[in-house]
Each structure stands twice: as structure tokens, then as C-alpha cells.
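>>> fold the following and give me the result.
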Amino acid sequence: MKILIFLSLLGLKLAAAVTHSLKYFYYASSQIPNIPEFVAVGLVDGVQVVYYDSETRKAKPKQDWISRTTGPQYWERETGRFSGAQQAFKANIEAAKQRFNQTGGVHIFQTVYGCEWDEGSTEVSGIYQFGYDGEVFISFDLEEQTWISARQQAVITKHKWDSQAISAQKKNYLTQVCPDWLKRYLSDGRSSLLRTVLPSVSLLQKTPSSPVSCHATGFYPDRVSMFWRKDGEEIHEDVDHGEILPNHDGTFQMRVDLKLSSVKPEDWSRYDCVFQISGVKKDVITKLDKAVIRTKWGKTEIKSNESSMGMMIYIIIAVVVLLVLTGVIGFIIYRKKNVKPLPSPANSSEVMEQLNPKT
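Okay, here's the model as predicted:
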């Protein structure tokens, strides 16, 4: 469940069928029970490929293909950089607490960094941002190559980072290093990452007065669209679109609800649910039919399914602001070598100085 939560935070929908992404998400917290103080997750096209937390203290592969195509040195390097980030984030929380004149309590420091690469146009974009306690702290403007402070407490950090060579390092990482590694991962994991899997689609209804949920699960990739139609035309009124959520096996699920209060019994046959997935011309169409709706009122199967889905959506809504603001910590250093290393963070002391400069 914890892994799914973190994946959900970073489960960004890709803008086009040929757009691919490599993103890393770091999450540090203080005084939150039953959750590791630090978690790092790496994702390729929204699929988790690496995981690290402060309890296991070891980077672990989450896909078979990355296990097959990497060696012990790769995982030692990943563990080392995540361990360094763990120490840096602990220091950064303390630094941020000082900036905001805070002493104790629950606090969260999050970042996400990475790139998107359009396979068709070869266009590259990147994200590199910090967030603290649910609000934007500081972010990197790739086009202008400058830092943007969203809080007064971040201005001192902006001035220091703008005066150093950090911006050039970040641009190099986002536009060169990250896309190169993304292409390598896509090549190594082609059979998995570039596959297409159609969903299983069901109509669910919790109670006689509840909306009918068109629920699709088991599909891949997450570049999909699902909607209700009436007489062949997409409808928006009385329709509620759910989030795309990850399944434990690397596939995805989503739902679209239709309120029946405005649907006349004699008009049911005029409605259908349409599922579209990138790369597949034929739509998956499910007619609104009482005979195929899984009701099972009073039983636990659907209630449990919807309850867990509802909890996941609640979590996503609670942190969606963090998704916008979170980003990478500003300490990726890249040196050109014959054999490219993975992007590596600077040591903890340097990161702490960047966030909490002495000047």
C-alpha cells in the first residue's frame, strides 16, 4: 500500500503517445508514525523501477528487466546516492523548520526531478522542484535557467543558487543526462515498458441509488481515456472521472461514474462506456445494461474494492498540491566520462549548505 501511495503521487499522465518520462521522487518526514522517514522512488513512464527507504536502507529493483540489465555496482551506487539524500533531507527539514520558526510537529519535505522526452519530435522538458509542508518552496525554471522562490523563506536559497553554477548543472542533467538514461531504460525494458495491455472492464454499483462505475483495470500503459456516451456522443453532465491508479503488478486502473438520476429506464440502451488506449484503434465499449452490473449489495467484495479505491483517491487529493510543487533537490552533479554514471547527489553537507546558506 505504501508503494502504491508513492506511485500515485507521481502517476502523471503523459501528454502524448510518444512521450516518455524518467522521474525520481524523494519524500522525507518527521514525526509521522508507521511511515519510513525517507522514501525514494524511481519511475519510468509512471512504472516504479527502483525503491529505497530509511528502514531497509537498500535500493531495490521493482521490475525484472532492470534486475537483468544491471549489476551489483549499479545497486551499490543507487543505495549510496539515496542514503546520501536521506541524510541531506533530514538536515533540510531541520533547516526549513528554522526558516519558518518551527520547533516540533509533523513536517514533510518532498522533491521530484526528472525529464520527459517526445520520441516523435525529440523535444525534452524537465522538472526540478522543492516542496515543504504542502506548499511550493523553490523550483527551477529550465527555460530561464533561474530559481523561483515561492516562499519568502526560500529567497536566501534562490540568491545563493542563482549565484553559483548550479543552474548549468541542472540544465545539463535535465536536457542531456536524464534523457540519455531514459532512452537506455526504454531500450532495456522495451518488452515491458513499450507493451500494450487491454483492460478488464466491469460495471459496478454499490447501492441501488449509487452511480454506476465503469471500472477498467489491468491496462498498460496509462495513456488512456475513458468516458460515458449517449447516442454515440460523449457526455459530461452527471459524470465523475476518477484518477488513474497503479496496480501492484505494474498495470493501472481507473473508473468513470455515471449518475443514474437523470437516466430514464427506457434510455439505458442509449448509454455506453468507452475505453481508449494509446496505440490501439479499436475502443473497448461496454453497454449500460442492468444484467451485467455487479451489484452484490450488502456484500463485501464491491464495498471493499470501492473502499480501498476511495482511500487511495483521498490520499491523492490530499497530496495533489504536493505533486505540483515537489521536485528534485538541487544537488545533481554530472561529469562526462566514457561510461556514464547514474545522476548522483552531492554529499549531505553540501546540500544542507545550499538550503541553509551561511551568507
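
>>> check which residues of stretch 62-81 are buried.
62-63, 65-66, 70, 74-75, 78-79, 81 (16 or more other C-beta atoms under 10 Å). For every residue, glycine as well, the C-beta is placed using N, CA and C.

>>> among the residues you listed, which two are most distant?
The largest distance within the buried residues of stretch 62-81, taken as C-beta to C-beta, falls between 65 and 81 and amounts to 21.1 Å.

>>> helix or strand: which one has residue 255?
In this structure, residue 255 sits in strand 252-258 according to DSSP states H and E.

>>> need the contact partners of that strand.
11, 46, 199, 204, 211-222, 224, 226-228, 238-247, 271, 273, 288, 309 (C-beta atoms under 8 Å, 6 or more residues apart in numbering).

>>> if we use 7 Å, what do you get?
211-217, 219-220, 222, 224, 226-228, 238-247, 271, 273 (C-beta atoms under 7 Å, 6 or more residues apart in numbering).

>>> can you select the buried ones from those in ChimeraX?
Only the buried entries of the contacts of strand 252-258 go into this ChimeraX selection, using 16+ other C-beta under 10 Å:
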select :211,212,213,214,215,216,217,219,220,222,224,226,227,228,242,243,244,245,246,271,273
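
>>> okay, and residue 168 sits in which element?
helix 166-172.

>>> run through the neighbouring helices and strands of whichever helix or strand comes after that helix.
Per DSSP H and E, helix 166-172 leads on to helix 178-188 as the next helix or strand towards the C-terminus. Contacts defined by 3 or more C-beta pairs under 7 Å, 6 or more residues apart in numbering; DSSP states H and E place helix 178-188 against strand 19-30, strand 107-118.

>>> okay if I get those as JSON lines plus mean pLDDT, mean neighbour count and distance to residue 252?
As requested, these are arranged in JSON lines below (pLDDT from 0 to 100; neighbours: other C-beta atoms under 10 Å; distance: least, C-beta to C-beta, whole Å):
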{"stretch": "strand 19-30", "mean pLDDT": "94", "mean neighbour count": "22", "distance to residue 252": "15"}
{"stretch": "strand 107-118", "mean pLDDT": "94", "mean neighbour count": "24", "distance to residue 252": "18"}
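
>>> out of those strands, which is closest to residue 54?
The minimum distance between residue 54 and those falls on strand 19-30, with 8.5 Å, by C-beta to C-beta.

>>> show me what that closest one is packed against.
Using 3+ C-beta pairs under 7 Å, 6+ apart: strand 19-30 touches helix 2-9, strand 38-44, helix 72-99, strand 107-118, helix 178-188.

>>> quick check: which of the ones you listed is nearest to residue 58?
With C-beta to C-beta as the measure, helix 72-99 is the member of the helices and strands packed on strand 19-30 nearest residue 58 (5.5 Å).

>>> the closest one versus strand 19-30: what angle between them?
Orientation check (axes from the mean of the first three to the mean of the last three C-alpha atoms, to 10 degrees): helix 72-99 against strand 19-30 gives 50 degrees.

>>> what is the mean pLDDT for helix 72-99?
The pLDDT scores in helix 72-99 average 94.

>>> now do that helix against strand 38-44, angle only.
Going by the same axes, to 10 degrees, helix 72-99 makes 130 degrees with strand 38-44.

>>> quick one: list the elements packing against helix 72-99.
For helix 72-99, the helices and strands in contact under the criterion 3+ C-beta pairs under 7 Å, 6+ apart are strand 19-30, strand 38-44, strand 47-53, strand 107-118, strand 344-345, helix 348-355.

>>> now the ones you listed as CSV including distance to residue 174?
Output for those, formatted as CSV (distance: least, C-beta to C-beta, whole Å):
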stretch, distance to residue 174
strand 19-30, 10
strand 38-44, 15
strand 47-53, 19
strand 107-118, 5
strand 344-345, 15
helix 348-355, 17
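
>>> quick one, which of those is nearest to residue 185?
Judged by C-beta to C-beta, the one of those that comes nearest to residue 185 is strand 38-44, at 4.8 Å.

>>> ok, that closest one: who's next to it in the sheet?
If you go by DSSP bridges, strand 38-44 pairs up with strand 19-30 (antiparallel), strand 47-53 (antiparallel).

>>> and the ones you listed: which comes nearest residue 97?
Here strand 19-30 is closest among these (C-beta to C-beta), at 8.3 Å.

>>> only C-alpha atoms, please: export that closest one in CSV.
Presented in CSV, the C-alpha positions along strand 19-30 are these (Å, rounded to 0.1, in the frame of the first residue of the first chain):
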residue,chain,number,x,y,z
THR,A,19,6.2,10.9,-24.8
HIS,A,20,8.3,9.0,-22.2
SER,A,21,9.4,10.1,-18.8
LEU,A,22,12.0,9.3,-16.1
LYS,A,23,11.3,10.8,-12.7
TYR,A,24,12.6,10.4,-9.2
PHE,A,25,10.5,11.2,-6.1
TYR,A,26,12.0,11.8,-2.7
TYR,A,27,9.9,12.1,0.4
ALA,A,28,11.1,12.9,3.9
SER,A,29,9.0,13.4,7.0
SER,A,30,9.3,13.9,10.7
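
>>> what number of residues lie near residue 288?
Residue 288: 22 surrounding residues under other C-beta atoms under 10 Å.
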